[in-house]
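Trainee: All I have is the shape, not the residue letters:
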């Protein structure tokens, strides 16, 4: 399959995957912040237009409502920032941090309510700012309901006082002010849901890692415990027989040595099972790593790439990817893993800065050449037209020797 790095694909999340999730959480926060700020901007705008529509020196009053509203709006971003941090902090409300924004809300409400002749506008900034505080569970809904009820009562009071003329347009700012606490808390509720899911994901990941460690520890204990017990018995028996039957003692020592070999092989097989990664995933991870580093990557991976000899090619893919990151010019790279007649072909190419970098790259591939030679494969590399390429071929069904596996 062929896919450029600019496109999102099943392998498109940069390893180890948490990075993409963190980006998603951050993006969702900015959506939440922008939604709340937009609600407040529109609120200030409708009140400024209402004041501007009043007879007399309404332009100055509208300017006061607008400029003061922008200052108040900036103070609410401090409350939103504190709200975001409280999701991962200890219980309690940081009153010292949010005191200044609340005082700004009170001051703006007093001035704007006076110039607009509205009790509702006088209380609105403080009510909205209190909604943005990260209250304990169960408290915020009471704050929102209380703020909405008070704003409704003040809207009625403004109407009874004659501060609101007859007609639908005059009531638009009041009705919008009544609804803004509910609209704001709904935006924050979505953020809280996401944070709850993110914490659950993190807890699940930690639990999975713990369970995996316990499983590995159990497997190692069962494997080594059995073999060590057998070896101990064989050595003890050899110790008892060494005086009266040396031949039998020697046989027990040979059996103990065979048990040691079995234990070592079992440990090696266990480690291989846990650390082996399908070749398709190896190449895809290499592509994602290069893409995350800012390179334009073209990758072509055979559909049956997982059948390729991972023990032989896996270290090659990791080593060559590191070389591209270390020595490449950082503009583009090509990856290929394809089946050939009787084997597999892996190729990686990238742009290089200067020709002298090739010597450093070549020296780093000497160990890879020896490893590939052990399984009857070939490794070629060189520079052409400003591009450095590494080509590796291995036959089907290869397996490294135990000594090579232990490297």
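Mentor: Received, thanks. Values in this document were obtained by computation on a predicted structure and should not be read as measured data. Numbering: from 1, shown residues only.
Trainee: can you give me the offset of the lengthiest strand in the chain from its chain's centre?
Mentor: The residue-count maximum for a strand in the chain (DSSP state E) belongs to strand 328-340. Average the C-alpha atoms of strand 328-340, do the same for its chain, and the two points are 26 Å apart (C-alpha atoms, centre = their mean, to the nearest Å).
Trainee: helices or strands next to that strand in the packing?
Mentor: helix 279-292, strand 296-301, strand 343-352 (3 or more C-beta pairs under 8 Å, 6 or more residues apart in numbering; DSSP states H and E). C-betas here are computed from N, CA, C, even on glycine.
Trainee: So for residue 392, what's the pLDDT?
Mentor: Reported pLDDT at residue 392 in the predicted model: 90.
Trainee: and if you look at residue 129?
Mentor: Taken from the predicted model, the pLDDT recorded for residue 129 is 90.
Trainee: again with residue 88
Mentor: In the prediction, the pLDDT value recorded for residue 88 is 53.
Trainee: and the helices and strands packed on strand 328-340 as JSON lines, adding distance to residue 175 and mean neighbour count?
Mentor: Compiled in JSON lines, the helices and strands packed on strand 328-340 are given as follows (distance: least, C-beta to C-beta, whole Å; neighbours: other C-beta atoms under 10 Å):
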{"stretch": "helix 279-292", "distance to residue 175": "49", "mean neighbour count": "22"}
{"stretch": "strand 296-301", "distance to residue 175": "53", "mean neighbour count": "19"}
{"stretch": "strand 343-352", "distance to residue 175": "61", "mean neighbour count": "21"}
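Trainee: out of those, nearest to residue 325?
Mentor: Distances from residue 325 to each of those were compared using C-beta to C-beta; the minimum, 7.1 Å, belongs to helix 279-292.
Trainee: Now do the closest one: which elements does it pack against?
Mentor: With 3+ C-beta pairs under 8 Å, 6+ apart as the test, helix 279-292 has strand 296-301, helix 310-327, strand 328-340 packed against it.
Trainee: Which of those sits closest to residue 372?
Mentor: Taking C-beta to C-beta, helix 310-327 is the member of the helices and strands packed on helix 279-292 nearest to residue 372, at 6.8 Å.
Trainee: Check which helices and strands that closest one is in contact with.
Mentor: Under the contact criterion of 3+ C-beta pairs under 8 Å, 6+ apart, helix 310-327 touches helix 279-292, strand 343-352, helix 357-364, helix 366-374, strand 387-395.
Trainee: Take those and write them to TSV, including distance to residue 333.
Mentor: Putting the helices and strands packed on helix 310-327 into TSV (distance: least, C-beta to C-beta, whole Å) gives the following:
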stretch	distance to residue 333
helix 279-292	5
strand 343-352	4
helix 357-364	13
helix 366-374	17
strand 387-395	9
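Trainee: Any idea which of those has the lowest pLDDT on average?
Mentor: The stretch with the lowest average pLDDT out of those is helix 357-364, scoring a mean of 52.
Trainee: okay, the helices and strands packed on helix 279-292 in CSV with distance to residue 34 and mean pLDDT next?
Mentor: Listed next are those as CSV, based on distance: least, C-beta to C-beta, whole Å; pLDDT from 0 to 100:
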stretch, distance to residue 34, mean pLDDT
strand 296-301, 31, 87
helix 310-327, 35, 81
strand 328-340, 33, 82
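Trainee: now the ones you listed in a markdown table, with distance to residue 271?
Mentor: As requested, these are exported to a markdown table (distance: least, C-beta to C-beta, whole Å):
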| stretch | distance to residue 271 |
| --- | --- |
| strand 296-301 | 26 |
| helix 310-327 | 12 |
| strand 328-340 | 24 |
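Trainee: between these, which gets nearest to residue 373?
Mentor: Distances from residue 373 to each of those were compared using C-beta to C-beta; the shortest belongs to helix 310-327, at 10.6 Å.
Trainee: any idea how far the closest one is from the chain center?
Mentor: Here the centre of helix 310-327 is set off from its chain's centre by 24 Å, with C-alpha atoms, centre = their mean.
Trainee: Now do that helix against strand 343-352, angle only.
Mentor: 10 degrees (axes from the mean of the first three to the mean of the last three C-alpha atoms, to 10 degrees).
Trainee: and helix 310-327, which residues are buried?
Mentor: Neighbour-count burial for helix 310-327, with 16 or more other C-beta atoms under 10 Å as criterion, is recorded at 310-321, 323-325, 327.
Trainee: picking that back up, which residues sit against the longest strand of the chain?
Mentor: Applying C-beta atoms under 8 Å, 6 or more residues apart in numbering, the external contacts of strand 328-340 come out as 279-280, 283, 286-287, 290, 293-302, 304-305, 308, 313, 324, 344-353, 388, 393.
Trainee: Does the host helix or strand of residue 240 pack against any helices or strands, and if so which?
Mentor: When elements are assigned from DSSP states H and E, residue 240 belongs to helix 168-241. Using 3+ C-beta pairs under 8 Å, 6+ apart as the contact definition, the elements that helix 168-241 packs against are helix 18-52, helix 119-131, helix 139-161, helix 246-275.
Trainee: three-state assignment of the residue of the chain positioned farthest from its centre?
Mentor: Relative to the centre of the chain, and counting by C-alpha atoms, centre = their mean, the farthest-placed residue is residue 244 at 68.1 Å. Assigned state for residue 244: coil (three-state reduction, DSSP: H, G, I helix; E, B strand; the rest coil).
Trainee: can you pull the buried residues of stretch 214-225?
Mentor: The neighbour-count criterion (16+ other C-beta under 10 Å) identifies residue 223 as the buried residues of stretch 214-225.
Trainee: Okay, domains of the protein per the record?
Mentor: 21-200, 204-275, 279-405 (automatic domain parsing).
Trainee: Any stretches of the stretch 151-300 of the chain with poor pLDDT?
Mentor: Residues of the stretch 151-300 of the chain meeting the criterion pLDDT under 70: 164-169, 205, 272-277.
Trainee: same thing but at 80, please
Mentor: Residues of the stretch 151-300 of the chain meeting the criterion pLDDT under 80: 162-171, 194, 198-199, 201-206, 208-209, 211-213, 215-216, 223, 268-281, 292-294.
Trainee: what's the neighbour count on residue 207?
Mentor: Residue 207 is flanked by 10 other residues according to other C-beta atoms under 10 Å.
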